[in-house]
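Colleague: from the sequence below, what's the structure:
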Amino acid sequence: MNFLQLLDGAEVLDERGDPPIAGLDYDSRRVRPDWCFVAMRGEHTNGNLYIDKAIANGAVAIVSDSLPPREGVAWARVPHGRRALARLSANFYRHPAEKLELTGITGTNGKTTTSFILSRMLRAAGRKIALVGTVEYRIGHETFPAPHTTPEALEINRLFHRAVDVGCTEAVMEVSSHALEQQRTFGLMFDVAVFTNLTRDHLDYHGTMESYFASKTILFKGLGVEPPRFAVINIDDEYGRRLVEICRKHHEVITFGLERGDFHAKELKISSTGIGFKMATPLADIPIFSPMLGRVNVYNLLAASAAAYARDVTPSAISEAADQIAHVAGRFQRLDCGQPFTVIVDYAHTDDAIRNLTAVAHDYVHQRGEPGRIITVFGCGGDRDRAKRPLMGEAAGSGSDFVVLTSDNPRSEDPIAIMNDALPGLQRTGVRYTLEPDRRKAIELAIREADAADIVLIAGKGHEKHQETKEGKIPFDDVEVAQKALQHAGYAKPHPVAS
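Modeller: Residues are numbered from 1 along each chain as shown. Reported below is the predicted structural model:
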């Protein structure tokens, strides 16, 4: 492919040269001979500072969102780096997204679980799918680590190219507010867009809830393409109800809610073994049983089922898939080492998510019919919205009998300072608590504290395998740490819980 072919359809202010292009990248360290380097301003750095390094590594063409031409290489200047990256990536990989039916899922909570359930439903319908999300990227039967919930356009097109090569016909994507605001999904034509909910998060980036909401609506308006055909929206959420009004003119809107909406739950029964209900749909009631736990997963099942319906999945495939999935990694994940109490690892890292988590735990204890305490381990992330920290403390204290306040991903901040921000909210609840900045020791302390019939909630990091500190990323897996703590407490070797 030549340079001008690579630029086809991109917004180009001026260009020169037309060498053959063997590859492209936006990271100068990965550039190889005869490649194109896309120099764009990012959230943390400016790729234009690394043009010389890219040329030294063999770049024969540069696309820049800031600088005038450099001698000796082909050059194009563009008004928006990420939009250019999206167009160039799609051209280089022969427009793979156009060969897939795309479903995008956005919202504060529930994206990952909803995407896993929907993927299972599509597979039950005989479809071969690609999954792009927080826990992992999956192409057919292959899985890959997920460094970002929604990767840059180059990685998206590379993944979709691989998906098309192995015969995938559908793709399910978690679409983050950062990705939408930064236009990483520019040019992707979604068939179905799903909105799970909106609660306080990422205000360190977006500034206000209105700005945060506005970024979510981008998925439903389309980025450089027509809006999605279907909009699947949670009408129990106040922002969801606003989104319905925005979408009615340009979409076929499908609503869901616990007791109302096109998809809702009838005769709901929540027990310690799972969730059962009749799901009202526009066609007929569908019997649903899932080993997943808690009211929050009713919402996830409804959202996934509504999206599956939009993708022409049969009621029998929807019902079959719901019965097959017990948990998603790091989402109310039960650890069983033969201990007489329950240990749960969950990704909950907002006040709303912690409230949902402790509510599921209370339902679980109540349905089991034995008296038991809720013991919660949690911390707050560093370099993020400080104002949500006391809210998280209050949510943890309000839903628990004992709280261990610890460190999460402190990043560049002092873990003690972060804990002090969360402490006033925790103290307002009057709950018994202790402070332990060492997360490993905090988990061990909570497990030592637990008696038979108690439930230990380890919140905040879920599936993550590292802790981000001033010194960089260090290996840390809540599941592994909790299993070792259980073994040290004298319980049997862990065995996997069915999923």
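Colleague: what is the rounded mean pLDDT of stretch 176-192?
Modeller: Stretch 176-192 carries an average pLDDT of 94.
Colleague: stretch 346-365 now?
Modeller: 91.
Colleague: for it, which positions count as buried?
Modeller: Under the neighbour-count criterion of 16 or more other CB atoms under 10 Å, stretch 346-365 has 346-358, 360-365 buried. The C-beta positions use only the backbone N, C-alpha and C, and glycine is treated the same way.
Colleague: let's see which of these end up in helices.
Modeller: 351-358, 360-365 (DSSP state H).
Colleague: CSV for those, including distance to Met1?
Modeller: Output for these, formatted as CSV (distance: CB to CB, whole Å):
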residue, distance to Met1
Asp351, 49
Asp352, 47
Ala353, 45
Ile354, 49
Arg355, 51
Asn356, 48
Leu357, 49
Thr358, 54
Val360, 51
Ala361, 54
His362, 58
Asp363, 56
Tyr364, 55
Val365, 60
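Colleague: closest one of those to Ala90?
Modeller: Among those, Ala353 lies closest to Ala90 (CB to CB), at 34.4 Å.
Colleague: ok, for Pro19, nearest residue in space, not its chain neighbours?
Modeller: Counting by CB to CB, 6 or more residues apart in numbering, Pro19 lies nearest to Val60, which is 4.7 Å off, once chain neighbours are set aside.
Colleague: so for stretch 286-296, what gets flagged as buried?
Modeller: For stretch 286-296, the neighbour count (16+ other CB under 10 Å) marks 286, 288, 290-294, 296 as buried.
Colleague: now stretch 467-484: average pLDDT?
Modeller: For stretch 467-484, the mean per-residue pLDDT is 95.
Colleague: now do stretch 412-431
Modeller: Here the average pLDDT along stretch 412-431 is 97.
Colleague: in it, what counts as buried?
Modeller: Across stretch 412-431, burial judged by 16+ other CB under 10 Å covers 413, 415, 418-419, 421-423, 425-426, 429, 431.
Colleague: residues near Gln487, how many?
Modeller: 14 (other CB atoms under 10 Å).
Colleague: what's the pLDDT at it?
Modeller: Taking Gln487 on its own, its pLDDT is 95.
Colleague: just give the nearest non-adjacent residue to it, would you?
Modeller: Cys337 (6.5 Å).
Colleague: helix or strand right after the helix or strand bottoming out on mean pLDDT in the chain?
Modeller: Ranked by mean pLDDT, DSSP states H and E, the weakest helix or strand in the chain is helix 203-206, scoring a mean of 74. Sequence-wise, the next helix or strand downstream of helix 203-206 (DSSP states H and E) is helix 209-221.
Colleague: for the record, mean pLDDT for that following helix?
Modeller: Helix 209-221 comes out at a mean pLDDT of 94.
Colleague: CA-only coordinates of that helix in CSV, if you can.
Modeller: The C-alpha trace of helix 209-221 is given here as CSV (Å, rounded to 0.1, in the frame of the first residue of the first chain):
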residue,chain,number,x,y,z
MET,A,209,-21.3,14.8,35.4
GLU,A,210,-22.8,16.6,32.4
SER,A,211,-19.5,16.4,30.5
TYR,A,212,-19.2,12.7,31.5
PHE,A,213,-22.8,12.1,30.2
ALA,A,214,-22.1,14.0,27.0
SER,A,215,-19.1,11.7,26.3
LYS,A,216,-21.4,8.7,26.6
THR,A,217,-23.9,10.0,24.2
ILE,A,218,-21.2,10.1,21.5
LEU,A,219,-21.6,6.3,21.0
PHE,A,220,-25.3,6.9,20.2
LYS,A,221,-24.7,9.8,17.8
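Colleague: what is that helix packed up against?
Modeller: Packing partners of helix 209-221 (3 or more CB pairs under 8 Å, 6 or more residues apart in numbering; DSSP states H and E): strand 101-106, helix 177-181, strand 190-195, helix 203-206, helix 238-247.
Colleague: mind listing what the helix or strand where Glu468 lies pairs with, with the direction of each?
Modeller: Assessed by DSSP H and E, Glu468 sits inside strand 466-469. Strand 466-469 has these partner strands in its sheet, going by DSSP bridges: strand 472-475 (antiparallel).
Colleague: what residues sit buried inside the partner strand?
Modeller: Buried, per 16+ other CB under 10 Å, within strand 472-475: nothing.
Colleague: any idea how far Thr273 is from Ile374?
Modeller: Between Ile374 and Thr273 the distance, using CB to CB, to the nearest Å, works out to 19 Å.
Colleague: give the residue from these two that has the larger number of neighbours.
Modeller: Ile374 (22 against 12).
Colleague: now for that one: which residues touch it?
Modeller: With contact set as CB atoms under 8 Å, 6 or more residues apart in numbering, Ile374 has these partners: 358, 361-362, 365, 399-402, 454-455, 457.
Colleague: then Gly133?
Modeller: Neighbouring residues of Gly133 by CB under 8 Å, 6+ apart: 111-112, 115-116, 146, 149, 172-174.
Colleague: now it: closest residue in space, sequence neighbours ignored.
Modeller: Among residues not flanking Gly133 along the chain, Glu174 sits closest, at 3.9 Å (CB to CB, 6+ apart).
Colleague: that neighbour touches Ala146, doesn't it?
Modeller: No. Look at Glu174 against Ala146 with CB atoms under 8 Å: they stay out of range, at 9.1 Å.
Colleague: joint contacts of these two?
Modeller: Where contact means CB under 8 Å, 6+ apart, the residues bridging Glu174 and Ala146 through contact with each are 132-134.
Colleague: now, these that are in strands?
Modeller: Val132 (DSSP state E).
Colleague: domains of the chain?
Modeller: Domain assignment for the chain, taken from automatic domain parsing, gives 3-92, 96-324, 333-488.
Colleague: so for the second one, first residue to last residue, what's the gap.
Modeller: Going back to what we said before, that points to domain 96-324. Terminal residues of domain 96-324 lie 30 Å apart, using CA to CA, to the nearest Å.
Colleague: for the first one, same thing?
Modeller: Between the opening and closing residues of domain 3-92 lies a distance of 10 Å (CA to CA).
Colleague: repeat for stretch 58-78
Modeller: 21 Å.
Colleague: name the residues of it that come out as buried.
Modeller: So, applying 16+ other CB under 10 Å, buried residues of stretch 58-78: 59-65, 69, 73-78.
Colleague: again, but for stretch 190-199
Modeller: Taking 16+ other CB under 10 Å as the criterion, stretch 190-199 shows 190-199 as buried.
Colleague: one more: stretch 207-223?
Modeller: 212-213, 215-223.
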